[in-house]
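> Have a look; sequence and predicted model below, questions after that.
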Amino acid sequence: MFETMKVACLIQGGIHENEDRIDAKEVIKMATINGAKLLGLDKEIGSIEVGKSADLILVDISAKLDNISCIPNNNIISNLVYNTSGRSVDTTIINGEILMENRKFKLIDERRNNRKI
C-alpha cells in the first residue's frame with residue numbers, strides 16, 4: 001500500500017506537470033476514508049471513530065541508521081507516503097486485536113513455525 005500511495009503522488013505530478021496537484025495528505029485520504037466512501041462503507045470503516053471497525057498499523061518512521069530512508073523527517077505525512085515500506089510497520093491491530101507488536105507476532109509461535117520440513 002505504501003508503494004501504491006507513492007506512485008499515485010508521483011504519477012499525478014508527472015501527468016499534470018505540477019507536483020502539488022495531489023499531495024501526500026490527499027493520497028492518505030484516498031487510501032482510507034475516501035476508499036471507504038467509494039465502497040459505501042464510510043459509516044463503518046475508513047477513519048478512527050467510536051463505533052467504527054478499525055484495522056490499524058503503527059509505523060516506525062524515526063530517524064535512525066537502520067531506517068535511513070526516513071532521514072531527515074521534516075514532514076511526517078510526506079515521509080510516510082514517499083519513504084516508508086512494509087518493513088517499517090511495527091505493530092498491527094485488526095478489529096481491536098493486536099496481531100503483531102514491536103515486530104513480534106502475538107498469536108503465532110515463530111519458533112514452532114520456523115522448523116524445517
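Looks like it came in fine. The structure displayed is predicted, hence computed values, not measured ones.
> quick one: low-confidence parts of the chain?
Along the chain, the parts satisfying pLDDT under 70 run over 13-16, 18-20, 62-73, 108-117.
> Helices of that one, start to end?
Using DSSP state H, the helices found in the chain span residues 2-15, 24-31, 33-38, 76-83, 110-113.
> Next, format these as JSON lines and append mean neighbour count and distance to residue 96.
Where you see a C-beta, it was placed from the backbone N, CA and C, and this is true even at glycine. Listed next are the helices of the chain as JSON lines, based on neighbours: other C-beta atoms under 10 Å; distance: least, C-beta to C-beta, whole Å:
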{"stretch": "helix 2-15", "mean neighbour count": "15", "distance to residue 96": "23"}
{"stretch": "helix 24-31", "mean neighbour count": "17", "distance to residue 96": "21"}
{"stretch": "helix 33-38", "mean neighbour count": "14", "distance to residue 96": "18"}
{"stretch": "helix 76-83", "mean neighbour count": "18", "distance to residue 96": "23"}
{"stretch": "helix 110-113", "mean neighbour count": "8", "distance to residue 96": "23"}
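> so which of the ones you listed comes closest to residue 59?
Counting by C-beta to C-beta, residue 59 lies closest to helix 76-83 out of these; the figure is 6.5 Å.
> Now do the buried residues in stretch 38-58.
Buried positions in stretch 38-58, judged by neighbour count with 16 or more other C-beta atoms under 10 Å: 42, 45, 46.
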